[in-house]
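K.L.:
Next come a sequence and a model predicted from it.
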Amino acid sequence: MNKFEKEKRVIELHKQGKTIRQIAPEVHMAFRDISKKIKAYDKKIRLQQTKKEKQENNQQTTTKKLSLSSQAFILYRDGKKPSDVKVLLDIPFKKNMVYWAQYLKSIRMFESFEFYKDYQYDIQVLLSINNFIKRNNMSGKDIASVLRTANNVNNLNQIHSNLKAEIEGLKQMKNNYSLNQILWEIITYLH
C-alpha cells in the first residue's frame with residue numbers, strides 16, 4: 001500500500017471503531033503516525049460540523065430578521081391558513097387580511113379573493129348554478145339568454161302585479177260608482 005492508501009485505510013478502520021493497536025498491524029504504521037492521522041481526521045470532521053451549525057444558525061437568524069409581512073408570505077406560501085398565520089405571528093385581524101390580500105396579489109389570485117369577499121355568502125348558490133351549467137353543457141351565450149329570459153319574466157311578473165292592482169282599483173271604483181248611483185236614485189226618489 002502506498003502512503004495515501006494507508007491513510008485512507010486508517011480512517012476506514014477508525015470509523016469502524018478500531019483502536020490504534022488494532023489498526024497498526026494491518027497498515028504497518030507506527031502508533032504515533034496513526035494517532036496523527038486520526039486526530040487530523042477528527043479535527044476536520046469537527047470543523048465541518050461547526051461550519052454546518054454556523055450556517056444553520058445564520059439561516060435561523062436571517063429568518064428572525066424578516067419583516068412581519070415577509071414572514072406571513074412565507075407561511076401563506078407553505079400552505080398555512082390566514083387564521084393560522086394570525087395566531088403564529090400574533091398580529092391583528094385587519095393587518096393579517098392586508099398581508100393576505102397582498103400575498104394573493106403577488107401570486108395573481110387577488111381577483112379570486114375579492115370575489116370571495118363580495119360573494120362569500122352566495123357560494124352555495126353560485127356552485128349550484130355552475131353545476132347546472134356543466135350538467136346541461138351550456139355556453140356563455142346560453143347563460144346570457146337565460147338571464148335575459150329571467151329578466152323578462154321579472155318584468156312580466158311586475159306588469160302582472162301592476163295589472164292586478166289596477167283591476168282591484170277599477171273594481172273599487174265600480175263599487176263606489178254603483179253606491180253613488182243607488183244613493184242618487186234614493187235622493188231623487190225622496191224628493
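P.N.:
Yes, it's here. Given the structure is predicted, the values throughout are model-derived calculations rather than measurements. Numbering: from 1, shown residues only.
K.L.:
Flag the shaky bits of the protein, pLDDT-wise.
P.N.:
Applying pLDDT under 70 to the chain flags residues 60-64.
K.L.:
Can you give me the domain assignment for it?
P.N.:
Structural domains annotated on the chain: 3-64, 67-137, 139-191, as defined by automatic domain parsing.
K.L.:
Okay, now the second one: how far is its last residue from its first?
P.N.:
So that's domain 67-137. Length of domain 67-137, first residue to last, CA to CA, to the nearest Å: 49 Å.
K.L.:
and it, how far from the chain's centre?
P.N.:
5 Å (CA atoms, centre = their mean, to the nearest Å).
K.L.:
cool, and the shortest one?
P.N.:
Mean-position distance between domain 139-191 and its chain equals 54 Å (CA atoms, centre = their mean).
K.L.:
ditto for the first one
P.N.:
The chain centre lies 48 Å from the centre of domain 3-64; the measure is CA atoms, centre = their mean.
K.L.:
ok, back up a step: tabulate the domains of the chain (CSV), appending mean neighbour count.
P.N.:
Where you see a C-beta, it was placed from the backbone N, CA and C, and this is true even at glycine. Shown next, in CSV, are these (neighbours: other CB atoms under 10 Å):
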stretch, mean neighbour count
domain 3-64, 12
domain 67-137, 13
domain 139-191, 10
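K.L.:
So which residue is smack in the middle of the chain?
P.N.:
Centrality entry for the chain: nearest residue to the mean C-alpha point is Lys81, 6.2 Å, by CA atoms, centre = their mean.
K.L.:
and that residue, backbone torsions?
P.N.:
phi -80, psi 150 (degrees, to the nearest 10).
K.L.:
Please report the residue range of the longest helix in the protein.
P.N.:
helix 140-190 (DSSP state H).
K.L.:
Lys81 and Thr149: what is the separation?
P.N.:
41 Å (CB to CB, to the nearest Å).
K.L.:
Correction: the previous question concerned Lys3.
P.N.:
Relative to Thr149, and taking CB to CB, Lys3 is found at 94 Å.
K.L.:
in this protein, which spans are helices?
P.N.:
Assigned by DSSP H, the helices in the chain fall at 3-15, 20-27, 31-64, 68-77, 82-89, 93-106, 110-119, 123-135, 140-190.
K.L.:
ok so, going back, quick one, the longest helix of the chain and helix 123-135 angle?
P.N.:
In terms of direction (axes from the mean of the first three to the mean of the last three CA atoms, to 10 degrees), helix 140-190 departs from helix 123-135 by 110 degrees.
K.L.:
Many thanks, we can stop here.
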